[in-house]
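Peer 1: Provided below for reference: sequence and predicted model.
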Amino acid sequence: MMELQPGRIVNSHGRHYVVESPDGTRRICHPRGKKSQAVVGDEVLWLPPRPGQGDEGSIEKIVERRNLFYRQDEIRTKAFAANIDQVLVLLAAEPVFSESQLARALVAAEAQGIPVIIGLNKEDVTVPFAQAWQRLAAYRRLLPGQDGAAAAPLYPVLRLQLDAPDGGTDFPQLRQTLAGRATLVLGPSGVGKSTLINRLIPDAAVQTAAISTVLNSGKHTTTTTTWYWLAREQGCAVLDSPGFQEFGLRHIAPTELVRCMPDIARHATGCRFYNCTHIHEPGCVVRAAVEEEAGPDGDEADGVPHDGIAASRYALYQALFAELSG
(Lines give C-alpha, C1' and ligand atoms only; values in the text may rest on other atoms or scores of the structure.)
Protein backbone atom coordinates (compact mmCIF):
# COMPACT_ATOMS: atom_id res chain seq x y z
CA MET A 1 0.00 0.00 0.00
CA MET A 2 1.32 3.42 -0.97
CA GLU A 3 2.18 5.80 1.85
CA LEU A 4 1.11 9.42 2.03
CA GLN A 5 3.89 11.84 1.16
CA PRO A 6 4.36 15.32 2.70
CA GLY A 7 4.62 18.36 0.47
CA ARG A 8 3.89 22.05 0.04
CA ILE A 9 1.84 23.69 -2.70
CA VAL A 10 4.04 26.22 -4.54
CA ASN A 11 1.77 27.07 -7.49
CA SER A 12 -1.61 26.21 -8.96
CA HIS A 13 -3.30 26.25 -12.32
CA GLY A 14 -7.00 25.45 -12.31
CA ARG A 15 -7.40 22.09 -10.59
CA HIS A 16 -3.73 21.29 -10.98
CA TYR A 17 -1.31 22.03 -8.17
CA VAL A 18 2.48 21.95 -8.10
CA VAL A 19 3.47 20.15 -4.90
CA GLU A 20 7.05 20.38 -3.71
CA SER A 21 8.46 17.53 -1.64
CA PRO A 22 10.94 18.15 1.22
CA ASP A 23 13.81 17.19 -1.11
CA GLY A 24 12.80 19.94 -3.57
CA THR A 25 11.30 17.75 -6.29
CA ARG A 26 8.01 18.92 -7.75
CA ARG A 27 5.04 17.07 -9.16
CA ILE A 28 1.59 17.94 -10.44
CA CYS A 29 -1.15 16.79 -8.10
CA HIS A 30 -4.92 17.04 -8.29
CA PRO A 31 -7.35 17.21 -5.38
CA ARG A 32 -9.78 14.49 -4.41
CA GLY A 33 -13.37 15.33 -5.28
CA LYS A 34 -14.79 18.09 -7.43
CA LYS A 35 -13.80 20.98 -5.19
CA SER A 36 -10.56 21.86 -3.51
CA GLN A 37 -9.81 24.43 -0.84
CA ALA A 38 -6.05 24.07 -1.28
CA VAL A 39 -3.99 27.23 -1.81
CA VAL A 40 -0.33 28.08 -2.31
CA GLY A 41 1.56 27.64 0.95
CA ASP A 42 -0.61 24.77 2.13
CA GLU A 43 1.19 21.79 3.58
CA VAL A 44 -0.45 18.67 2.20
CA LEU A 45 -0.30 14.90 2.23
CA TRP A 46 -0.40 13.36 -1.23
CA LEU A 47 -0.25 9.99 -2.93
CA PRO A 48 1.98 9.19 -5.92
CA PRO A 49 0.17 7.77 -8.96
CA ARG A 50 -0.27 4.02 -9.25
CA PRO A 51 1.57 2.27 -12.08
CA GLY A 52 -0.20 2.86 -15.37
CA GLN A 53 -2.30 5.77 -14.02
CA GLY A 54 -0.28 8.67 -15.39
CA ASP A 55 2.13 11.04 -13.72
CA GLU A 56 -0.14 13.08 -11.45
CA GLY A 57 -0.36 12.53 -7.74
CA SER A 58 -3.46 13.12 -5.66
CA ILE A 59 -3.83 15.50 -2.71
CA GLU A 60 -5.40 13.50 0.11
CA LYS A 61 -5.29 15.96 3.00
CA ILE A 62 -4.56 19.60 3.77
CA VAL A 63 -2.61 19.92 7.00
CA GLU A 64 -4.13 22.35 9.50
CA ARG A 65 -3.10 25.89 8.58
CA ARG A 66 -1.46 28.50 10.76
CA ASN A 67 -3.27 31.20 8.82
CA LEU A 68 -4.98 31.99 5.51
CA PHE A 69 -4.73 35.39 3.88
CA TYR A 70 -7.72 36.08 1.64
CA ARG A 71 -10.31 38.59 0.47
CA GLN A 72 -14.04 38.13 -0.02
CA ASP A 73 -16.70 40.14 -1.81
CA GLU A 74 -20.39 39.48 -2.37
CA ILE A 75 -19.69 36.96 -5.11
CA ARG A 76 -16.54 35.01 -4.33
CA THR A 77 -13.61 34.38 -2.05
CA LYS A 78 -10.05 34.79 -3.32
CA ALA A 79 -7.27 33.21 -1.29
CA PHE A 80 -3.74 34.54 -1.73
CA ALA A 81 -1.71 32.15 0.42
CA ALA A 82 -1.59 30.05 3.58
CA ASN A 83 1.01 29.54 6.29
CA ILE A 84 2.87 32.80 5.76
CA ASP A 85 4.92 34.71 8.33
CA GLN A 86 4.27 38.24 7.12
CA VAL A 87 2.85 40.39 4.32
CA LEU A 88 4.79 43.06 2.45
CA VAL A 89 2.34 45.57 0.98
CA LEU A 90 4.26 47.21 -1.84
CA LEU A 91 3.15 50.66 -2.98
CA ALA A 92 4.70 53.22 -5.30
CA ALA A 93 4.91 56.99 -5.43
CA GLU A 94 3.55 56.68 -8.96
CA PRO A 95 0.89 55.65 -9.77
CA VAL A 96 -0.92 57.17 -6.78
CA PHE A 97 -1.95 54.39 -4.41
CA SER A 98 -5.38 53.88 -2.88
CA GLU A 99 -5.35 54.27 0.89
CA SER A 100 -8.63 52.35 1.02
CA GLN A 101 -6.99 49.34 -0.65
CA LEU A 102 -4.04 49.61 1.71
CA ALA A 103 -6.31 49.72 4.76
CA ARG A 104 -8.30 46.73 3.53
CA ALA A 105 -5.17 44.62 3.07
CA LEU A 106 -4.00 45.58 6.56
CA VAL A 107 -7.37 44.68 8.08
CA ALA A 108 -7.33 41.27 6.35
CA ALA A 109 -3.84 40.59 7.68
CA GLU A 110 -4.73 41.71 11.21
CA ALA A 111 -7.79 39.43 11.16
CA GLN A 112 -5.42 36.48 10.69
CA GLY A 113 -2.74 37.77 13.07
CA ILE A 114 -0.20 38.23 10.26
CA PRO A 115 2.42 41.00 10.67
CA VAL A 116 2.65 43.60 7.89
CA ILE A 117 5.41 45.74 6.40
CA ILE A 118 4.69 48.59 3.99
CA GLY A 119 7.18 49.37 1.23
CA LEU A 120 7.03 52.64 -0.73
CA ASN A 121 8.86 52.33 -4.04
CA LYS A 122 10.15 54.91 -6.57
CA GLU A 123 12.12 57.08 -4.19
CA ASP A 124 13.68 58.83 -7.20
CA VAL A 125 10.52 60.74 -8.19
CA THR A 126 11.09 63.32 -5.48
CA VAL A 127 7.88 65.32 -5.31
CA PRO A 128 5.39 62.44 -5.76
CA PHE A 129 7.41 60.38 -3.27
CA ALA A 130 7.30 63.15 -0.67
CA GLN A 131 3.54 63.43 -1.15
CA ALA A 132 3.08 59.67 -0.83
CA TRP A 133 5.34 59.58 2.24
CA GLN A 134 3.17 62.22 3.88
CA ARG A 135 0.01 60.26 3.02
CA LEU A 136 1.54 57.37 4.98
CA ALA A 137 2.20 59.52 8.05
CA ALA A 138 -0.64 57.92 10.00
CA TYR A 139 0.94 54.48 9.41
CA ARG A 140 4.47 55.62 10.30
CA ARG A 141 3.45 57.46 13.46
CA LEU A 142 4.82 56.12 16.72
CA LEU A 143 2.36 54.63 19.18
CA PRO A 144 3.29 54.71 22.88
CA GLY A 145 4.40 51.33 24.17
CA GLN A 146 2.23 49.43 26.60
CA ASP A 147 3.35 47.54 29.71
CA GLY A 148 6.77 49.15 29.60
CA ALA A 149 7.41 48.49 25.90
CA ALA A 150 9.14 51.12 23.78
CA ALA A 151 7.17 53.25 21.32
CA ALA A 152 6.87 51.66 17.89
CA PRO A 153 5.35 52.64 14.54
CA LEU A 154 1.88 51.43 13.71
CA TYR A 155 3.49 49.64 10.73
CA PRO A 156 7.09 49.68 9.49
CA VAL A 157 7.19 51.80 6.31
CA LEU A 158 10.29 51.41 4.15
CA ARG A 159 11.67 53.75 1.49
CA LEU A 160 12.66 51.83 -1.63
CA GLN A 161 14.04 52.34 -5.12
CA LEU A 162 13.94 48.80 -6.43
CA ASP A 163 15.50 49.51 -9.83
CA ALA A 164 18.50 51.34 -8.32
CA PRO A 165 21.80 49.56 -7.54
CA ASP A 166 21.35 49.96 -3.77
CA GLY A 167 17.60 49.25 -3.76
CA GLY A 168 16.77 52.48 -1.94
CA THR A 169 17.30 53.93 1.53
CA ASP A 170 15.69 51.11 3.50
CA PHE A 171 16.46 48.13 1.24
CA PRO A 172 19.00 46.66 3.72
CA GLN A 173 16.28 46.78 6.40
CA LEU A 174 13.90 45.00 4.03
CA ARG A 175 16.41 42.22 3.45
CA GLN A 176 16.85 41.83 7.19
CA THR A 177 13.09 41.68 7.71
CA LEU A 178 12.67 38.98 5.05
CA ALA A 179 15.34 36.70 6.53
CA GLY A 180 14.02 33.39 7.81
CA ARG A 181 10.40 34.18 6.95
CA ALA A 182 7.85 33.37 4.27
CA THR A 183 6.66 36.75 2.98
CA LEU A 184 3.69 37.39 0.71
CA VAL A 185 4.31 40.38 -1.55
CA LEU A 186 1.04 42.15 -2.16
CA GLY A 187 0.14 45.22 -4.16
CA PRO A 188 -1.50 46.61 -7.28
CA SER A 189 0.07 46.22 -10.71
CA GLY A 190 2.89 48.57 -11.64
CA VAL A 191 4.42 49.10 -8.20
CA GLY A 192 7.56 47.00 -8.77
CA LYS A 193 6.68 43.54 -7.45
CA SER A 194 8.34 41.74 -10.35
CA THR A 195 11.41 43.99 -10.00
CA LEU A 196 11.63 43.06 -6.33
CA ILE A 197 11.24 39.34 -7.00
CA ASN A 198 13.91 39.36 -9.71
CA ARG A 199 16.23 41.40 -7.49
CA LEU A 200 15.87 39.14 -4.48
CA ILE A 201 15.89 35.87 -6.39
CA PRO A 202 18.29 35.83 -9.35
CA ASP A 203 16.99 32.41 -10.40
CA ALA A 204 13.31 33.40 -10.15
CA ALA A 205 12.99 32.99 -13.92
CA VAL A 206 14.45 29.49 -13.58
CA GLN A 207 11.98 28.58 -10.83
CA THR A 208 9.13 30.04 -12.89
CA ALA A 209 10.21 28.09 -15.95
CA ALA A 210 10.33 24.92 -13.88
CA ILE A 211 6.78 25.51 -12.67
CA SER A 212 5.57 26.23 -16.20
CA THR A 213 7.23 23.03 -17.41
CA VAL A 214 5.57 21.00 -14.68
CA LEU A 215 2.20 22.56 -15.48
CA ASN A 216 2.84 22.50 -19.22
CA SER A 217 1.22 25.93 -19.24
CA GLY A 218 3.61 27.83 -21.49
CA LYS A 219 4.75 31.29 -20.51
CA HIS A 220 4.01 31.96 -16.85
CA THR A 221 2.09 35.06 -15.84
CA THR A 222 1.21 36.14 -12.32
CA THR A 223 -2.41 35.03 -12.21
CA THR A 224 -1.92 32.96 -9.07
CA THR A 225 0.47 33.20 -6.14
CA THR A 226 3.89 31.62 -6.66
CA TRP A 227 6.22 30.46 -3.88
CA TYR A 228 9.91 31.28 -4.45
CA TRP A 229 12.71 30.16 -2.17
CA LEU A 230 15.40 32.64 -1.16
CA ALA A 231 17.04 30.23 1.28
CA ARG A 232 15.25 26.91 1.67
CA GLU A 233 17.36 25.74 4.61
CA GLN A 234 16.46 28.87 6.60
CA GLY A 235 12.80 28.80 5.59
CA CYS A 236 13.18 32.10 3.74
CA ALA A 237 10.71 32.51 0.88
CA VAL A 238 8.95 35.24 -1.07
CA LEU A 239 5.49 34.72 -2.56
CA ASP A 240 4.60 36.73 -5.65
CA SER A 241 0.87 37.46 -5.87
CA PRO A 242 -1.31 38.75 -8.71
CA GLY A 243 -2.25 42.41 -8.72
CA PHE A 244 -5.74 43.38 -7.63
CA GLN A 245 -8.12 46.28 -8.11
CA GLU A 246 -10.60 45.47 -5.35
CA PHE A 247 -10.18 44.00 -1.88
CA GLY A 248 -13.43 42.84 -0.30
CA LEU A 249 -13.72 42.27 3.45
CA ARG A 250 -17.09 40.54 3.60
CA HIS A 251 -15.59 37.78 5.74
CA ILE A 252 -15.16 40.27 8.60
CA ALA A 253 -18.12 41.22 10.78
CA PRO A 254 -18.51 44.96 11.41
CA THR A 255 -18.15 44.36 15.14
CA GLU A 256 -14.77 42.68 14.51
CA LEU A 257 -13.41 45.60 12.47
CA VAL A 258 -12.12 47.60 15.43
CA ARG A 259 -9.78 44.83 16.60
CA CYS A 260 -8.31 44.69 13.08
CA MET A 261 -7.23 48.35 13.27
CA PRO A 262 -4.73 48.35 16.15
CA ASP A 263 -4.41 52.13 16.49
CA ILE A 264 -8.17 52.28 17.08
CA ALA A 265 -8.42 49.06 19.10
CA ARG A 266 -6.02 50.38 21.76
CA HIS A 267 -8.66 53.00 22.66
CA ALA A 268 -11.75 50.79 22.33
CA THR A 269 -12.20 50.19 26.06
CA GLY A 270 -14.09 52.18 28.62
CA CYS A 271 -16.86 53.44 26.35
CA ARG A 272 -20.15 54.22 28.07
CA PHE A 273 -21.93 51.39 26.22
CA TYR A 274 -20.47 47.87 26.19
CA ASN A 275 -21.58 47.36 22.56
CA CYS A 276 -20.39 50.75 21.33
CA THR A 277 -19.83 50.83 17.57
CA HIS A 278 -17.56 53.90 17.93
CA ILE A 279 -19.63 55.64 15.28
CA HIS A 280 -22.30 57.76 16.96
CA GLU A 281 -22.74 56.80 20.62
CA PRO A 282 -22.20 59.35 23.39
CA GLY A 283 -19.39 58.61 25.83
CA CYS A 284 -17.28 56.90 23.14
CA VAL A 285 -13.59 56.78 24.05
CA VAL A 286 -12.55 56.12 20.45
CA ARG A 287 -14.28 59.19 19.06
CA ALA A 288 -12.78 61.28 21.85
CA ALA A 289 -9.29 60.09 20.85
CA VAL A 290 -9.55 61.18 17.21
CA GLU A 291 -7.03 63.93 16.55
CA GLU A 292 -7.20 66.72 14.04
CA GLU A 293 -5.08 66.03 10.98
CA ALA A 294 -1.69 67.67 10.80
CA GLY A 295 -1.55 70.59 8.40
CA PRO A 296 0.16 70.38 5.00
CA ASP A 297 3.50 71.29 6.57
CA GLY A 298 3.04 69.03 9.58
CA ASP A 299 4.20 65.48 9.96
CA GLU A 300 2.42 63.12 12.32
CA ALA A 301 5.42 60.76 12.22
CA ASP A 302 7.96 63.25 13.59
CA GLY A 303 9.45 60.84 16.11
CA VAL A 304 7.16 61.90 18.93
CA PRO A 305 4.75 59.17 20.12
CA HIS A 306 1.10 59.92 19.43
CA ASP A 307 -1.53 58.43 21.70
CA GLY A 308 -4.50 59.65 19.66
CA ILE A 309 -6.13 58.33 16.50
CA ALA A 310 -5.34 59.96 13.15
CA ALA A 311 -8.47 61.45 11.63
CA SER A 312 -7.76 59.77 8.29
CA ARG A 313 -7.65 56.34 9.93
CA TYR A 314 -10.89 56.96 11.80
CA ALA A 315 -12.55 58.04 8.53
CA LEU A 316 -11.48 54.73 7.00
CA TYR A 317 -12.96 52.90 9.99
CA GLN A 318 -16.25 54.71 9.51
CA ALA A 319 -16.38 53.91 5.79
CA LEU A 320 -15.51 50.23 6.28
CA PHE A 321 -17.96 49.84 9.16
CA ALA A 322 -20.78 51.26 6.99
CA GLU A 323 -19.82 48.96 4.11
CA LEU A 324 -19.69 45.82 6.26
CA SER A 325 -22.96 46.74 7.95
CA GLY A 326 -24.80 47.11 4.63
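Peer 2: Yes, it's here. Residues are numbered from 1 along each chain as shown.
Peer 1: now do the strands in the stretch 1-150 of the chain.
Peer 2: Chain-ordered strands for the stretch 1-150 of the chain, with DSSP state E, counting those that start in this stretch as the definition, fall at 5-13, 16-20, 26-31, 43-47, 57-62, 68-72, 77-82, 86-92, 116-121, 142-143.
Peer 1: which one of those lies nearest to D170?
Peer 2: Evaluated with Cβ to Cβ, the strands of the stretch 1-150 of the chain place strand 116-121 nearest to D170, the distance being 8.0 Å. For glycine as for every other residue, the C-beta is placed from the backbone atoms N, C-alpha and C.
Peer 1: what angle sits between that closest one and strand 86-92?
Peer 2: 20 degrees (axes from the mean of the first three to the mean of the last three Cα atoms, to 10 degrees).
Peer 1: ok so, going back, A152: which of the strands of the stretch 1-150 of the chain is closest?
Peer 2: So among these, strand 142-143 is nearest, using Cβ to Cβ, at 6.4 Å.
Peer 1: in its sheet, which strands sit next to that closest one, and in what direction?
Peer 2: Strand 142-143 has its sheet partners listed here by DSSP bridges as strand 152-153 (antiparallel).
Peer 1: and R313, its phi and psi?
Peer 2: phi -70, psi -40 (degrees, to the nearest 10).
Peer 1: neighbours of it, how many?
Peer 2: As a burial measure, R313 scores 20 neighbours (other Cβ atoms under 10 Å).
Peer 1: who are the neighbours in contact with it?
Peer 2: By Cβ atoms under 8 Å, 6 or more residues apart in numbering, the contact set of R313 is A103, A138, M261, D263, I264.
Peer 1: for it, give its distance to Y228.
Peer 2: Relative to Y228, R313 is positioned 33 Å away (Cβ to Cβ, to the nearest Å).
Peer 1: pLDDT weak spots in the stretch 151-300 of the chain?
Peer 2: For the stretch 151-300 of the chain, the stretches with pLDDT under 70 are 205-223, 292-300.
Peer 1: can we see that at 80?
Peer 2: 203-223, 243-245, 292-300 (pLDDT under 80).
Peer 1: for it, what spans make up the helices?
Peer 2: Secondary structure of the stretch 151-300 of the chain (DSSP state H, counting those that start in this stretch): helices located at 171-178, 193-200, 204-215, 262-265, 285-289.
Peer 1: which stretch among those comes nearest E3?
Peer 2: Of all those, it is helix 204-215 that lies closest to E3, at 22.3 Å by Cβ to Cβ.
Peer 1: about what we covered before: nearest to N275, out of the helices of the stretch 151-300 of the chain?
Peer 2: Across the helices of the stretch 151-300 of the chain, closest to N275 is helix 285-289 (Cβ to Cβ), at 13.2 Å.
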